[in-house]
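Colleague: Quick one: sequence plus predicted model below, questions after.
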Amino acid sequence: MATEAPTRRRAIEDMASALFRERGYAATSVRDIARALDLQGASLYAHVTSKEDVLWAIVDRAASTFETAADRAAASSRDGDAASRLAALVRAHVAVIAADPELAGVFITEWRHLSPARRDAVLTRRDAYEERFRAIIVDGMAAGLFSPTDPAIAATFVLTALNGLAGWYRPGGRLTPDRIADHYAELAVRTVTEDHR
């Protein structure tokens, strides 16, 4: 019985992720979530306090997943040059999206519906995550490996391309997540190493 509540809560979050991704947060009601789980609305409120709390839990879990994956990528590529470290970070990001496109998609697009304090908390985490990319780009330019560019713009460009994956990726598609990660890593590195003038 002790594990039923966390399991039910996770099922609610997973269903909400699917509905938020499909319809958007604003167009999904608590009743929609309950109906999809074959629950009464009152039963749903035994596990969650509000629709925003469900969104917050989803966004927080997704942010933690991206951060953990980035930490592992940084640890595994610590001794490599900036190109290999950027590629590792890109591959980690792709892997998170491919593992749970609904969770990642909600994090990428729906966090703006959170209350101001929660939005600020998410923005702080997103900025810190983006800083990982900027720092590698700065290191690569300092080493002469990357072309001179604005590191913030380059990091935003790479992350925007990566986050677009959540909109189109479907498990079982033409390419495996590993092949997609290889392509994205190669493109990201080429973006900052080639002189496009």
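Modeller: Alright, I've got the coordinates.
Colleague: From here on, just use CA atoms for contacts and neighbour counts.
Modeller: Noted.
Colleague: For Pro101, give me its contacts.
Modeller: 166, 169-170 (Cα atoms under 8 Å, 6 or more residues apart in numbering).
Colleague: what do you get if the cut-off is 6 Å, keeping everything else the same?
Modeller: By Cα atoms under 6 Å, 6 or more residues apart in numbering, Pro101 lies in contact with Ala166.
Colleague: Ala155 too?
Modeller: Counting by Cα under 6 Å, 6+ apart, Ala155 has contacts 133-134.
Colleague: give me phi/psi at it?
Modeller: phi -60, psi -40 (degrees, to the nearest 10).
Colleague: Over to the one 3 residues further on?
Modeller: Per-residue torsions, Val158: phi -60, psi -50 (degrees, to the nearest 10).
Colleague: which ones are touching the spatially most central residue of the chain?
Modeller: Nearest to the geometric centre of the chain sits Ala104, at 4.3 Å (Cα atoms, centre = their mean). Contacts for Ala104 (Cα under 6 Å, 6+ apart) come out as Ile97.
Colleague: 7 Å instead?
Modeller: Contact analysis of Ala104 by Cα atoms under 7 Å, 6 or more residues apart in numbering lists 62, 97, 166.
Colleague: Among those, show me the least confident.
Modeller: Of all the contacts of Ala104, Ala166 has the smallest pLDDT value, namely 93.
Colleague: Identify the residue nearest Ile108 in space, chain neighbours excluded?
Modeller: Asn163 (6.9 Å; Cα to Cα, 6 or more residues apart in numbering).
Colleague: got the CA positions of the helix or strand where that neighbour lies in PDB?
Modeller: Secondary structure here is read from DSSP states H and E; on that basis Asn163 sits in helix 151-168. The C-alpha trace of helix 151-168 is given here as PDB (Å, rounded to 0.1, in the frame of the first residue of the first chain):
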ATOM      1  CA  PRO A 151      29.100  32.000 -27.200                       C
ATOM      2  CA  ALA A 152      25.600  32.800 -25.900                       C
ATOM      3  CA  ILE A 153      24.100  32.900 -29.400                       C
ATOM      4  CA  ALA A 154      26.000  29.700 -30.400                       C
ATOM      5  CA  ALA A 155      24.700  27.900 -27.300                       C
ATOM      6  CA  THR A 156      21.200  29.100 -27.900                       C
ATOM      7  CA  PHE A 157      21.400  28.000 -31.500                       C
ATOM      8  CA  VAL A 158      22.500  24.500 -30.600                       C
ATOM      9  CA  LEU A 159      20.000  24.100 -27.800                       C
ATOM     10  CA  THR A 160      17.100  25.400 -30.000                       C
ATOM     11  CA  ALA A 161      18.000  22.700 -32.600                       C
ATOM     12  CA  LEU A 162      18.300  20.100 -29.900                       C
ATOM     13  CA  ASN A 163      15.000  21.000 -28.400                       C
ATOM     14  CA  GLY A 164      13.200  20.800 -31.700                       C
ATOM     15  CA  LEU A 165      13.800  17.100 -31.600                       C
ATOM     16  CA  ALA A 166      11.000  16.800 -28.900                       C
ATOM     17  CA  GLY A 167       8.500  18.000 -31.600                       C
ATOM     18  CA  TRP A 168       9.200  15.400 -34.200                       C
END
